[in-house]
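# Quick one, fold the following:
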Amino acid sequence: MSETNTSYSYELNADGSARITSYQGDAVFLTVPAELDGHKVIDIGRFAFYGLPNLKYVKLPEGVVTIFVNAFYGCPELETVELPSTIDNSVNNSVRACYKFRGYKLPDSHPMFELKDGVLFDHIMLLLSDYPAAFTAKRYDVPAGTEIIGIGAFAENTALEGVYLASSVKKISDGAFRECGVLREVTLPDGLEVIGNQAFAACPELESISIPASVVEIGQNAFSSCWKLCDIEVREGSQHYCELGGALCTKDGKRLLRMPVDGRTSFAVPNGVESIAAGAFSGCTDLREVILPITLKSIEGSAFAHCSALESIVLPEGIEDIAPATFFGCTGLENVVLPDSLKKIDKQAFHYCFSLKEMTVPAGCEIDDDAFGGDKDTLEEIGVDCKPVITRK
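Residues are numbered from 1 along each chain as shown. Predicted coordinates:
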């Protein structure tokens, strides 16, 4: 049930409490009310304070329990959110795309959180929850005793060049270092077990990574859009990962996770590889040729995105789907040979493939309406339509 109260819209929870869903005011310094129309405010919903151009400081009332992901998104002036003592859930990723954010403010002796030099931890200092986007230090040493780098904890910081993780760190959560624009060096400790989804995605200056032998899980797109990641090392003794031809693969050689951006123009995916992970070759702008093995069964989304020099690709029999954005931005791609086994070409699969003029597609293959093309205004501006002539076989 949705309601509106002057500047606030909210939904009622099953117990009659309120979840704020949006704010329509233009406040610079905002104190959120503890009640709306007699309903106790306990939740701040997704995108509740979205894109507010003036908002600089927010004080949340006692009684608020949960702040949802992206609650404060795209507020260009936001510097501080003051948390109540009643918060009992993680605040990870609740502040996003707020590049002036200098951190949270806590009441004395908060039962859940602790601030150390402005960095937000859980109260027992095991979870590093938030390193503010606006902090200007070039280096940060994660304190000894920290075990988890939280979801989005360092995301979008524009100053950090080096991060050194304590030997106690066991997990880097999803998106932990996502979009850290100048991050060049990260020291991963022996004992690290998990590298989450998009953990280092879109870190364009990251040049090398050394995977500890202790790592048992590397998530989807963990190193996608890392345009300078030229050196990937798997430390000796790993039971879960290895390097094949320089590429990061699972130990059994069946899954290719990430190709280094090391300047090579040709690469033959090793025989035995059955799947190419999302974003595995993204940003390998020198690759002109990729040879795929007959063992390959699946290619995940954005696998070859922005491989601008890639000229041709032959997909082996057994491939049934070209996933979303697989060849997005492959501007030099001229020739694609599709297998008879192909059943679907998904959305944005060949967006901005300017050089692809024709394609022969199996008779029964479904083609998404948005498989070819791109942003209409952009395409009109450069005078192309990115829609090849399709022939059915």
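# Which parts of this protein belong to which domain?
The chain breaks down into these domains under automatic domain parsing: 1-108, 136-239, 249-393.
# Present the ones you listed as CSV; the columns should include mean neighbour count, distance to K116 and mean pLDDT.
Just so you know, the C-beta spots here come from the backbone N, C-alpha and C atoms, and that holds for glycine as well. Shown next, in CSV, are those (neighbours: other C-beta atoms under 10 Å; distance: least, C-beta to C-beta, whole Å; pLDDT from 0 to 100):
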stretch, mean neighbour count, distance to K116, mean pLDDT
domain 1-108, 17, 11, 91
domain 136-239, 19, 7, 96
domain 249-393, 18, 33, 94
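# how about these, which one is nearest H123?
When those are compared by C-beta to C-beta, domain 1-108 sits nearest H123, at 9.9 Å.
# From the contact counts, what lies against the helix or strand that V186 is a member of?
Secondary structure from DSSP states H and E places V186 in strand 185-187. Contacts defined by 3 or more C-beta pairs under 8 Å, 6 or more residues apart in numbering; DSSP states H and E place strand 185-187 against strand 162-164.
# What pairs with whatever helix or strand comes next after the strand holding V186, parallel or antiparallel?
The first helix or strand that comes after strand 185-187 along the chain, using DSSP H and E, is strand 194-195. Strand pairing for strand 194-195, using DSSP bridges, gives strand 171-172 (parallel), strand 217-218 (parallel).
# Redo these as JSON lines? Include distance to H351.
Formatted as JSON lines, the strands paired with strand 194-195 follow (distance: least, C-beta to C-beta, whole Å):
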{"stretch": "strand 171-172", "distance to H351": "31"}
{"stretch": "strand 217-218", "distance to H351": "27"}
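# Among the ones you listed, which comes closest to T326?
Closest of these to T326 is strand 217-218, at 20.2 Å (criterion: C-beta to C-beta).
# Just give me the residue right at the centre of this structure.
For the chain, the residue nearest the mean C-alpha position is Q198 (4.0 Å; C-alpha atoms, centre = their mean).
# Provide a list of residues in contact with that residue.
By C-beta atoms under 8 Å, 6 or more residues apart in numbering, the contact set of Q198 is 174-175, 178, 219-222, 224.
# what about 6 Å?
By C-beta atoms under 6 Å, 6 or more residues apart in numbering, Q198 lies in contact with 174-175, 178, 221.
# Count the residues that sit near A134.
A134: 17 surrounding residues under other C-beta atoms under 10 Å.
# for the chain, what spans make up the helices?
376-382 (DSSP state H).
# quick one: the spatially closest residue to F328 that is not a sequence neighbour from D385, how far?
Spatial nearest neighbour of F328, chain neighbours left out: A305 (4.3 Å); criterion: C-beta to C-beta, 6 or more residues apart in numbering. From A305 across to D385, the span is 20 Å (C-beta to C-beta, to the nearest Å).
# quick one, phi/psi of the residue nearest to the centre of the chain?
phi 60, psi 30 (degrees, to the nearest 10).
# show me the contacts for the closest residue to T265 other than its chain neighbours.
Nearest non-adjacent residue to T265, counting by C-beta to C-beta, 6+ apart: R288, 4.7 Å away. Applying C-beta under 6 Å, 6+ apart, we find R288 in contact with 265, 309, 311.
# Throw the residues you listed into JSON lines and include distance to P111, thanks.
Shown next, in JSON lines, are the contacts of R288 (distance: C-beta to C-beta, whole Å):
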{"residue": "T265", "distance to P111": "57"}
{"residue": "A309", "distance to P111": "55"}
{"residue": "E311", "distance to P111": "60"}
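# Mind checking which of those residues land in strands?
In strands, judged by DSSP state E, none of these are found.
# gap between L30 and S109?
Per C-beta to C-beta, L30 is found 25 Å from S109.
# One more: K171?
Note on K171: its distance to S109, by C-beta to C-beta, is 27 Å.
# which among the contacts of R288 gets closest to L120?
For the contacts of R288, the closest approach to L120 (C-beta to C-beta) belongs to A309, at 42.8 Å.
# Skipping adjacent residues, who's closest to S266 in space?
Spatial nearest neighbour of S266, chain neighbours left out: E289 (4.4 Å); criterion: C-beta to C-beta, 6+ apart.
# Who does the one you found form a beta bridge with?
Taking DSSP bridges as the rule, E289 bridges to S266, S312.
# ditto for T31
In this entry, T31 is beta-bridged to K59, by DSSP bridges.
# Tell me how far it lies from R19.
For T31, the distance to R19 - C-beta to C-beta - is 18 Å.
# separation between C98 and V58?
For C98, the distance to V58 equals 11 Å [C-beta to C-beta].
# Also D88?
Applying C-beta to C-beta, the value for D88 to V58 is 19 Å.
# same thing with I87?
According to C-beta to C-beta, I87 stands 13 Å off from V58.
# I'd like to know the beta-bridge partner residues of the residue nearest to V194 when sequence neighbours are not counted.
Of all residues not flanking V194 in the chain, K171 sits nearest, at 4.3 Å (C-beta to C-beta, 6+ apart). Beta-bridge pairing for K171 (DSSP bridges): I148, V194.
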